[in-house]
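missing the sequence, but the structure's below:
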């Protein structure tokens, strides 16, 4: 019989989920959020806006004249152990393989902002109606 870890390994599951609804409230409260600013691969990232699980980052490099912008759907990664090291639950940006599906790069702020707004609107949690709209 295949255990859960073997099954996840075979399916390519890496412990990250896109949907926030997949995690109970107590996990969201203890999850390490994305940093507002960070550096990676000689690029500097600065969070400009976040709405739910949609984030807009400005991406700069020291000798670039113009910044680029990245719009991403935040991944939720559950706590797990890798090679004996405990990795706490955390948020993450999508991997390179998911670019075009969960992350997009734009050369202008206006285009990035338009994508951000569309995603934030469509991914906003839906609140149940306060009363029934059914005919009586």
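Here it is on my side, so go on. Computed from a predicted model, the values in this text were never measured in an experiment. Residues are numbered from 1 along each chain as shown.

secondary structure element holding residue 111?
Assigning secondary structure by DSSP states H and E places residue 111 in helix 109-122.

any residues touching that helix, and which ones?
49, 51-52, 54, 56, 69-71, 73, 104, 106 (CB atoms under 8 Å, 6 or more residues apart in numbering). The way it works is simple: take the backbone N, C-alpha and C, and place the C-beta from them, glycine included.

low-confidence bits of this protein, can you list those?
1-29, 125-136 (pLDDT under 70).

count the residues that sit near the nearest residue to residue 60 once chain neighbours are set aside.
With sequence-adjacent residues excluded and distances taken as CB to CB, 6 or more residues apart in numbering, residue 60 is closest to residue 67, at 4.6 Å. For residue 67, the count of nearby residues is 19 (other CB atoms under 10 Å).

and residue 70, by the same measure?
With other CB under 10 Å as criterion, residue 70 counts 22.

against residue 78, how distant is it?
As judged by CB to CB, to the nearest Å, residue 70 and residue 78 stand 24 Å apart.

picking that back up, pull out the buried members of the contacts of helix 109-122.
Neighbour counting with 16 or more other CB atoms under 10 Å marks 54, 56, 69-71, 73, 104, 106 as buried within the contacts of helix 109-122.
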